[in-house]
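Student: got a predicted structure plus its sequence, pasted below:
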Amino acid sequence: MTAVLAPTTLFGLCGAALVGIGLFVVLTHPSLLRRIVGFNLLGAGIFLVFGVVARRGAAAGFAGDPVPHAMVITGIVVAFSATALAVALLRRLLELTGRSTLDNGEPPDPEPRSKP
Amino acid sequence: MTQLAAALVPITSAGGFLLVLAVIMPVCAVLAMLALNPRYSAPVAAVTLAAGLVVSIAIVVKLFRNGTALVYVVGGWEPPLGLTLRADGLSATMLAMTAVVITAAGLFAQAQYGLVLDKRHGRAPTTFWILLMATWSALNVVFLGEDLFNLYVALELLTFAAVPLVCLDGRAATVSAALRYLMFALLGSLLYLLGTALIYGRFGTLDLQTLSGISDGGPAVSAALALMIAGLLAKAALFPLHLWLPPAHAGAPAAASAVLSALVIKAPVFLILRLVLDVAPPEAAQFAGQILAIMGASSILFCSVMALKQARLKLMIAYSTVAQIGYLFIVFPLAAGDGELPAWGTIAWTGGALQLVSHALAKAAMFLAAGAIAEAFGHDRIAELGGFARALPMSAAAFGLAGLSLMGIPPSGGFIAKCLLLTAAVVNGHPWLAATILAGGLLAASYVFRVIDRALATPATPIQIRTAIPRRMEMTALALAIAAVLLGFVPLQPFAFLQIGRADAAAMVAP
């Protein structure tokens, strides 16, 4: 029983659960804002997996492997930028159309910009 | 822990700084554009384009002279802890191809933005230049990077630069297309990141050179590779995951479409090539190759038919992109060889690389020609373009020549590429793949001829040019199309070059 509840295993399972929930939200919800939150959940799960990897990789006598920590920090910055870009685009879409969902794949009119 | 291949300790080679220049020059241009008055954006972009072209030519020449890969060890920290930039033959080819297409797109955009005098120095051109430079830098990192996490960051940078390019004109439809693209791309990069985490947990390193030649896979490695390849497939828009591509690429401005279709989707394809051929253990690679080939073949057939059905020129070209990408994935089982020869010693590999380059040139030429047509007539509905070759002969010629390469008619780069793939399919006993290649060529011919037929038609009322467009716009498209055709005159010449920097270069061409 103790082996099952070792912190690494527990964190790993939590990470896997977060990845699963995030993936479910991303794939099933039509609302874009929910999907963006889902991406963040998915990302958080992956970062947790990275953390577990850091515990596992501590073979050299460190308390933890520092390299995955650096990667997680970089990953958080990237995820933050991605969220910012997605939210900005979503706000623009809401302003233009009043919808916060994607249309059913109707390709846009490739009309060039109109000129006076 | 599994035994890893004993990796050579990388040392920065002479001329390694060229790789750094290729990456940071566009970034410096972005910073300069942000700092300076928008009036100077176009000149800064022009200078960077020229300098970047020179740098990539210098890298290719250096590789030809040395015959070995160029390496730059960032900050002197060696892998597995540090990062390296490395240019082998394939990377250098991609680098040169990127520089040529970006320069052409830049020249086209410069002419196009020059059309509207009062907007010449406005916000829209500056945004375009900044995003173009950012895309260029990110592409160069993807082609030169050696560390899986470093490549993840490069892929994300590429996404962040490419998504706004899609909705540059700010219409609701293009914003929607950009969001759809972003959703697919984000899901793709997160799956890739999860795979990276698993690989790091298994081997404690992410350096591609160190990871190459893993013999013992295990479930963790299989899962990691499957996740990474699935993620990259979403970004590369292979058949079932292509839904985002047609609206995104058709809605973008012409110069942006050319860059997106010719280059941006090649970055994930390039990474899949490296993962399957360099990292994956042989049995896993064989299995993955078969699945990828099935997806590629269905991509060729399904999306060629979709292209045939489109009423709009740009949408047709966008669907054709998905179809042509399919050819790059049927390379895997064909390049598997018989186990004696490394994958990159086969003609299928040469054909695949040639298809990569010739498609980039031909597709960029097509999008630029379509952009010139749309600009001149104010629309791009194929049915109403009757007789446009009379009004815009150079654009029509560019479209036709690029079409030659897509169809695979000699003498063009596309012909040599498809001929090599077809030979490999026949020799290796893959009749279905051979049939798919032939059927794909016929379908491509039908959608290209549909447009050529309209171009040469004589309608009752001759088509009127709405806006006079500068000759330079048409010339850029024509130059790219001619380059795509001229590629056909260097058969097998790229072969030796592509092997530079590969582990054990094969001495001869074999199927």
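Tutor: Received it, and whenever you're ready, just let me know what you need.
Student: enumerate every residue touching B:Ala425.
Tutor: B:Ile330, B:Leu334, B:Ala348, B:Pro431, B:Leu433, B:Ala434, B:Ile437 (C-beta atoms under 8 Å, 6 or more residues apart in numbering or on different chains). Heads up, the C-betas are built off the backbone N, CA and C, glycines and all.
Student: and for B:Leu245?
Tutor: For B:Leu245, the contact set (C-beta under 8 Å, 6+ apart) comprises B:Tyr181, B:Ala237, B:Ile265, B:Ala318, B:Thr321, B:Val322.
Student: measure it to chain A for me?
Tutor: 10 Å (C-beta to the nearest C-beta, to the nearest Å).
Student: go on, B:Thr461?
Tutor: From B:Thr461 over to chain A (counting by C-beta to the nearest C-beta), the distance is 21 Å.
Student: count of neighbours near that residue?
Tutor: Number of residues near B:Thr461 (other C-beta atoms under 10 Å in any protein chain shown) recorded here: 7.
Student: and for the one 5 residues further on?
Tutor: Applying other C-beta under 10 Å, we find 13 residues neighbouring B:Arg466.
Student: now do the SS call for it.
Tutor: Under DSSP: H, G, I helix; E, B strand; the rest coil, B:Arg466 falls in the coil class.
Student: show me what contacts B:Asn140?
Tutor: B:Ala22, B:Val23, B:Pro26, B:Leu95, B:Thr98.
Student: most surrounded residue in these?
Tutor: Neighbour tally across the contacts of B:Asn140 (other C-beta under 10 Å): the maximum, 28 neighbours, falls on B:Ala22.
Student: wasn't that residue part of a helix?
Tutor: Yes - under three-state DSSP, B:Ala22 falls within a helix.
Student: how near is B:Pro333 to B:Phe287?
Tutor: 10 Å (C-beta to C-beta, to the nearest Å).
Student: same drill for the two, tell me which one is more crowded.
Tutor: Set B:Pro333 next to B:Phe287 and count neighbours by other C-beta under 10 Å: B:Pro333 wins out with 24 against 13.
Student: three-state assignment of the more buried one?
Tutor: Applying three-state DSSP: B:Pro333 is helix.
Student: tell me who's in contact with it.
Tutor: Here B:Pro333 is in contact with B:Gln286, B:Gly289, B:Gln290, B:Ala293, B:Asn428, B:His430, B:Leu433 (C-beta under 8 Å, 6+ apart).
Student: B:Leu63 now?
Tutor: B:Leu63 makes contacts with B:Ala69, B:Leu70, B:Ala87, B:Asp88, B:Gly89, B:Ala92, B:Phe497, B:Ile500, B:Gly501, as judged by C-beta under 8 Å, 6+ apart.
Student: let's see it at 7 Å
Tutor: Counting by C-beta atoms under 7 Å, 6 or more residues apart in numbering or on different chains, B:Leu63 touches B:Leu70, B:Ala87, B:Gly89, B:Ala92, B:Ile500.
Student: please report how far B:Ile214 lies from B:Ala484.
Tutor: For B:Ile214 relative to B:Ala484 (C-beta to C-beta), the value is 37 Å.
Student: cool, and B:Leu187?
Tutor: Distance of B:Leu187 to B:Ala484, computed by C-beta to C-beta: 33 Å.
Student: ok, the two, which is more surrounded?
Tutor: Remark: of B:Leu187 and B:Ala484, B:Ala484 carries more neighbours, 29 against 23, as counted by other C-beta under 10 Å.
Student: go ahead and confirm the more buried one touches B:Ser405.
Tutor: Yes - contact status for B:Ala484 versus B:Ser405: in contact at 4.3 Å, counting by C-beta atoms under 7 Å.
Student: for chain A, give me its nearest residue in chain B.
Tutor: Here the residue of chain B nearest chain A is B:Ala173; by C-beta to the nearest C-beta that distance is 3.0 Å.
Student: about what we covered before: farthest-apart pair in the contacts of B:Leu63, please.
Tutor: By the measure C-beta to C-beta, B:Leu70 and B:Gly89 form the most distant pair in the contacts of B:Leu63, at 10.5 Å.
Student: number of residues surrounding the closest residue to B:Ile347 other than its chain neighbours?
Tutor: Leaving aside its sequence neighbours, B:Ile347 sits nearest to B:Leu420 (C-beta to C-beta, 6 or more residues apart in numbering or on different chains; 4.8 Å). The number of residues packed near B:Leu420 is 27, by other C-beta under 10 Å.
Student: B:Leu420: what secondary structure?
Tutor: helix.
Student: overlap in contacts, B:Ala484 and B:Ser405.
Tutor: With C-beta under 7 Å, 6+ apart, B:Ala484 and B:Ser405 have common neighbours B:Ser358, B:Ala362, B:Ser412, B:Gly413.
Student: element containing residue 68, please.
Tutor: As the question left the chain open, I've gone with chain A. Per DSSP states H and E, A:Pro68 falls inside helix A:66-97.
Student: actually it's chain B I care about, not the one you picked
Tutor: Short version, using DSSP H and E: B:Thr68 is in no helix or strand.
Student: I appreciate the help and will end here.
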